[in-house]
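Trainee: I would like to see how this sequence folds:
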Amino acid sequence: MRHAFTEDLKVGASPALLERGCVQVIGLEGIKAEIGDRWEKLKESIWAHLETLLRQKLGATDFYVQLNETAFLVTMPSASTDEAQIFCLRVAHELHNSLLGCCDTARLEIARATHTADNQLHTVPVFGDQLRLLAIQANLIIPKGDEIFAFTGLHGTGTLPPQPKYSHKYVPLWDVQKEAVTTYRCISPVDMALADNVGVSAQARMQTALTLSRISHATGMTAVHLAGGDRFMMTIPIPYDTLCSPAARMEITAACRSLSSHLRPYLFFEISELPYGVPQSRLSELVGALRPFCRGVTTQLPARIANYGAYLGVGLHSIGLSLSVIGSNGGEMASELFKLTVSAKRQRIRCFALDVPNEELLRQACAQGVNVLSGPLIGPARDEPAPIRRLSLDEIGKSAMIAA
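Mentor: As a prediction, the model looks like this:
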């Protein structure tokens, strides 16, 4: 398939991007054929609908442009070929369903842009088994039999490969000012050793599946307890790398969009496992993707950073640290807590400290102005959250004396 190569495409479909496979085309020929004579009347509203979907779902560094009446080019520089194709397939599916109702995924039209020649952009359509495999990865259809192996990147002899085992637990978080356990943080202990046997792409899909399961479990627990009259806040960590994947982010936001609006005042989303050197613009983009679905977005920062400036001013509700990654040096932990609280106060946002190991550090954190704490003295992870309960600093001190 060929499309005229315009000036707009010199950046969005450069040779380097075409070679990486992150340039795709969404086709509308099937919709045009289905609509028939109404196409001329409806085409502009269809284009507007597709552009709205793309603007909502693409990242700040992504690009799209209309090629002609029935084709839109989408460039996702940070995505792999599979991620870009899955993204475009989901967008095409959502567009088709909103216009014509449920459809067979085989009728969806996407193509990979491969090269330019004679002032033409050349594309190769995705169809047949390749399209079906992408639809499985996009969770648009349920895999059958040996398709499981293609999906996970494993190849076997007819038996399903073992999958990583995980469960969800809830760590109590103590509000220093209110002297009460008001919040629970959902964690997911997981044996990912089996993931070493699969490729990077399959590992990323496993992590996405784990994140979606955590969101589902935590929000489900919250809804059940709210219905029973219990009140508490829920923090749901989402790994930075998972949220940075356009395909995974689309799944996450789709899951969040399906949540009841009544839950949102009780939810915090935490951008976890943040690496060093994240650009402020990138963090701001991720915060903006999650903020419509919750009370606020928090982030767990890497330890031992000299300057907190890049993490501030991006719309975060709170910033925090896990002391477990610092080691056993109490002086260094106290120093990290001091830098954290100073930065949070400057921006007038809240801060938290996870895994505070002992009473001395807990009291230092309280004195320095940390707002929320977790650790063994606050309580261990539970199978499910509990209602808000009072817990004074004196009671924590007595528990520490008994434990000693």
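
Trainee: low pLDDT regions in the stretch 251-400 of the chain?
Mentor: Filtered on pLDDT under 70, the stretch 251-400 of the chain yields the residue ranges 400.

Trainee: what does the stretch 51-200 of the chain give?
Mentor: Scanning the stretch 51-200 of the chain for pLDDT under 70 picks out 102, 142-166, 191-200.

Trainee: Leaving aside the residues adjacent along the chain, what's closest to R214?
Mentor: S188 (5.1 Å; Cβ to Cβ, 6 or more residues apart in numbering). Where you see a C-beta, it was placed from the backbone N, CA and C, and this is true even at glycine.

Trainee: Got the phi and psi for that neighbour?
Mentor: Backbone torsions for S188, taken as degrees, to the nearest 10, come to phi -130, psi 90.

Trainee: Give the burial count for it, as a bare number.
Mentor: Neighbourhood size, S188 [other Cβ atoms under 10 Å]: 15.

Trainee: what's it in contact with, if anything?
Mentor: 166-169, 210, 213-214 (Cβ atoms under 8 Å, 6 or more residues apart in numbering).

Trainee: Can you say which of those are buried?
Mentor: The neighbour-count test (16 or more other Cβ atoms under 10 Å) marks 166, 168-169, 210, 213-214 as buried among the contacts of S188.

Trainee: Let's see which of those end up in helices.
Mentor: Judged by DSSP state H, the buried ones among the contacts of S188 include 210, 213-214 as members of helices.

Trainee: Output the residues you listed as a markdown table; include the columns pLDDT.
Mentor: Conversion of those to a markdown table gives the following (pLDDT from 0 to 100):
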| residue | pLDDT |
| --- | --- |
| L210 | 87 |
| S213 | 86 |
| R214 | 90 |
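
Trainee: can you list these in CSV and add distance to A227?
Mentor: Listed next are these as CSV, based on distance: Cβ to Cβ, whole Å:
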residue, distance to A227
L210, 26
S213, 21
R214, 20
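
Trainee: Out of the residues you listed, which comes closest to K32?
Mentor: S213 (38.9 Å; Cβ to Cβ).

Trainee: shouldn't that closest one be in contact with H168?
Mentor: Yes. Taking Cβ atoms under 8 Å as the definition, S213 is a contact partner of H168 at 7.4 Å.

Trainee: Look at V74 and give its secondary structure.
Mentor: Here V74 is recorded as strand under DSSP: H, G, I helix; E, B strand; the rest coil.

Trainee: Let me see the contact set for the residue nearest the centre of the chain.
Mentor: Residue closest to the mean C-alpha point of the chain, counted by Cα atoms, centre = their mean, is L243 at 3.1 Å. Contacts for L243 (Cβ under 8 Å, 6+ apart) come out as 249, 252, 271, 286, 289-290.

Trainee: Which ones among those lie within strands?
Mentor: Here DSSP state E is the test, and the contacts of L243 give I271 as lying in strands.

Trainee: Could you single out the nearest of the contacts of L243 to K57?
Mentor: Proximity of these to K57 (Cβ to Cβ) peaks at R249, which lies at 8.0 Å.

Trainee: Let's see the pLDDT reported for the closest one.
Mentor: According to the prediction, R249 has pLDDT 88.

Trainee: and the closest residue in space to it that isn't next to it in sequence, what helix or strand is that in?
Mentor: Excluding its sequence neighbours, the residue lying closest to R249 (Cβ to Cβ, 6+ apart) is L243, at 5.6 Å. Per DSSP states H and E: L243 is located in helix 240-244.

Trainee: thinking again about what came up before, distance of the residue nearest to R214 from T70?
Mentor: Distance, S188 to T70, by Cβ to Cβ, to the nearest Å: 43 Å.

Trainee: Repeat that for V176.
Mentor: Between V176 and T70 the distance is 59 Å, computed by Cβ to Cβ.

Trainee: mind putting the contacts of L243 in TSV, neighbour count included?
Mentor: Output for the contacts of L243, formatted as TSV (neighbours: other Cβ atoms under 10 Å):
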residue	neighbour count
R249	23
I252	22
I271	25
L286	22
A289	22
L290	24
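
Trainee: Let me know the closest of the contacts of L243 to G375.
Mentor: G375 lies nearest to I271 out of the contacts of L243, by Cβ to Cβ, at 21.4 Å.

Trainee: for that closest one, what are its contacts?
Mentor: Contacts for I271 (Cβ under 8 Å, 6+ apart) come out as 237-238, 240, 243, 283, 286-287, 290, 297-300.

Trainee: I'd like the distance between it and R295.
Mentor: Per Cβ to Cβ, I271 is found 15 Å from R295.

Trainee: got it, and A334?
Mentor: The gap separating A334 from R295 is 30 Å, by Cβ to Cβ.

Trainee: One more: V278?
Mentor: Distance of V278 to R295, given as Cβ to Cβ: 23 Å.

Trainee: Are we agreed that C88 is in a helix?
Mentor: Yes. Counting by three-state DSSP, C88 is located in a helix.

Trainee: now the end-to-end length of stretch 222-236.
Mentor: Using Cα to Cα, to the nearest Å, one end of stretch 222-236 lies 11 Å from the other.

Trainee: Where do the helices of the chain begin and end?
Mentor: Using DSSP H, the helices found in the chain span residues 9-12, 15-20, 29-35, 39-57, 81-100, 128-137, 147-152, 200-227, 240-244, 246-257, 280-290, 330-347, 359-368, 393-403.

Trainee: hang on, the earlier thing: what mean pLDDT does the helix holding L243 have?
Mentor: The predicted model gives helix 240-244 an average pLDDT of 91.

Trainee: So for it, what gets flagged as buried?
Mentor: Of all the residues in helix 240-244, those buried under the rule 16+ other Cβ under 10 Å are 240, 242-244.

Trainee: again, but for stretch 325-334
Mentor: Buried residues in stretch 325-334, counting neighbours by 16+ other Cβ under 10 Å, are found at 326, 333.

Trainee: Distance across that stretch, terminal residue to terminal residue?
Mentor: Note: stretch 325-334 ends 13 Å apart using Cα to Cα.
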